[in-house]
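Enquirer: sequence unavailable; structure follows:
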């Protein structure tokens, strides 16, 4: 088996694991109340880590393909889908963490407002007495 085939199969395998990640942990994004694949939450960090091997494999794949062609115009014309995939995967990964970040910010704001309400209530009750 040549290196191109091994890279393609590796990329397909890791991309398939991302599908498992979506079905097991991204069910809320699809409007579902339960996961399609019930996988223990301990595996979540494993699936979150998979982005890095995939990006490395995609970069290596593009480097080898460019070395084979050696013409930038032909390379972009022939492998534009691979290039876009390499660009979009980290962007979508950032959105995933941004969503988690927004969730944490919403919880902190709710806690902050709750603390303000309690503080103001105590302040009002002390001034009336």
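Expert: Everything's here; your move. Predicted, not measured: the structure shown is a model, and the values here were computed from it.
Enquirer: what mean pLDDT does stretch 63-81 have?
Expert: The pLDDT scores in stretch 63-81 average 91.
Enquirer: contacts for it next, please.
Expert: 3-4, 7, 62, 82-83 (C-beta atoms under 8 Å, 6 or more residues apart in numbering). All C-beta atoms are positioned from the backbone trio N, CA, C, and that covers glycine.
Enquirer: which of the residues you listed fall in helices?
Expert: Taking DSSP state H, the ones among these that sit in helices are 3-4, 7, 62, 82-83.
Enquirer: so can I have JSON lines of those showing distance to residue 71?
Expert: Formatted as JSON lines, the ones in helices among the contacts of stretch 63-81 follow (distance: C-beta to C-beta, whole Å):
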{"residue": "3", "distance to residue 71": "20"}
{"residue": "4", "distance to residue 71": "18"}
{"residue": "7", "distance to residue 71": "21"}
{"residue": "62", "distance to residue 71": "14"}
{"residue": "82", "distance to residue 71": "16"}
{"residue": "83", "distance to residue 71": "15"}
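Enquirer: nearest to residue 94 among those residues?
Expert: residue 83 (18.0 Å; C-beta to C-beta).
Enquirer: sorry, back to before: now the ones in helices among the contacts of stretch 63-81 in JSON lines, with neighbour count?
Expert: Formatted as JSON lines, the ones in helices among the contacts of stretch 63-81 follow (neighbours: other C-beta atoms under 10 Å):
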{"residue": "3", "neighbour count": "10"}
{"residue": "4", "neighbour count": "12"}
{"residue": "7", "neighbour count": "17"}
{"residue": "62", "neighbour count": "17"}
{"residue": "82", "neighbour count": "16"}
{"residue": "83", "neighbour count": "14"}
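Enquirer: residues in contact with the residue nearest in space to the middle of the chain?
Expert: Central residue of the chain (C-alpha atoms, centre = their mean): residue 93, 2.8 Å from the mean position. Neighbour list for residue 93: residue 51 [criterion: C-beta under 8 Å, 6+ apart].
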